[in-house]
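Using only what follows, build the 3D model:
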Amino acid sequence: SFPGGRRDPADRDAVATALRETREELGVAVAATSVWGQLRTVPDRHGMTVVPVVANLGPLEALSLTPNPDEVEEVFTLPLAHLLREENQGYTNFRTATGYGYTLPVFLNGPHRVWGLTAIVTELTLELLVPGRY
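A predicted model of the protein is given here:
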């Protein structure tokens, strides 16, 4: 999943929360000037509102990640080309105990299956970055 967490009282907004969480979880200090903006809010399965923030971190090779072992088990990336290949895209159908059904995106064939809220945010990001290709 992406870095994230609850807003602290000291955070002035969702962007400040995202920058703080990225620094705390991955050891990456992202400048506010690198933020491109916010995607639409998404509810999580607990009824909380998630505000995805998109930023340009520059070349991944230039990043020095120091993941917090208390919060991060593993770090991996997927190339944009991988995410755009149809054979790596799918959907998962869910049904609640009350019979309500819904469908969510899933990204396959990488080091891990990307699903749930992470796949939703990934899909929103792809729709923004490469409209018409995803």
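
Please make it C-alpha for all contacts and neighbour counts, starting now.
OK.

was I right about Thr92 contacting Val106?
Yes - look at Thr92 against Val106 with CA atoms under 8 Å: they come within range, at 6.5 Å.

So for those two, which residue has more residues nearby?
Val106 (20 against 12; other CA atoms under 10 Å).

Find the nearest non-adjacent residue to that one, please.
Trp115 (4.6 Å; CA to CA, 6 or more residues apart in numbering).

so who does that neighbour touch?
Applying CA atoms under 8 Å, 6 or more residues apart in numbering, we find Trp115 in contact with Leu104, Pro105, Val106, Phe107.

show me where this protein has strands.
35-38, 42-43, 49-50, 53-55, 89-95, 101-107 (DSSP state E).

The first one - contacts with which helices or strands?
Using 3 or more CA pairs under 8 Å, 6 or more residues apart in numbering; DSSP states H and E as the contact test, the elements touching strand 35-38 are strand 53-55.

so what strands line up beside the strand it packs on?
strand 35-38 (antiparallel) (DSSP bridges).

what's in contact with the strand it pairs with?
Residues contacting strand 35-38 (CA under 8 Å, 6+ apart): Val15, Val51, Pro52, Val53, Val54, Ala55, Asn56.
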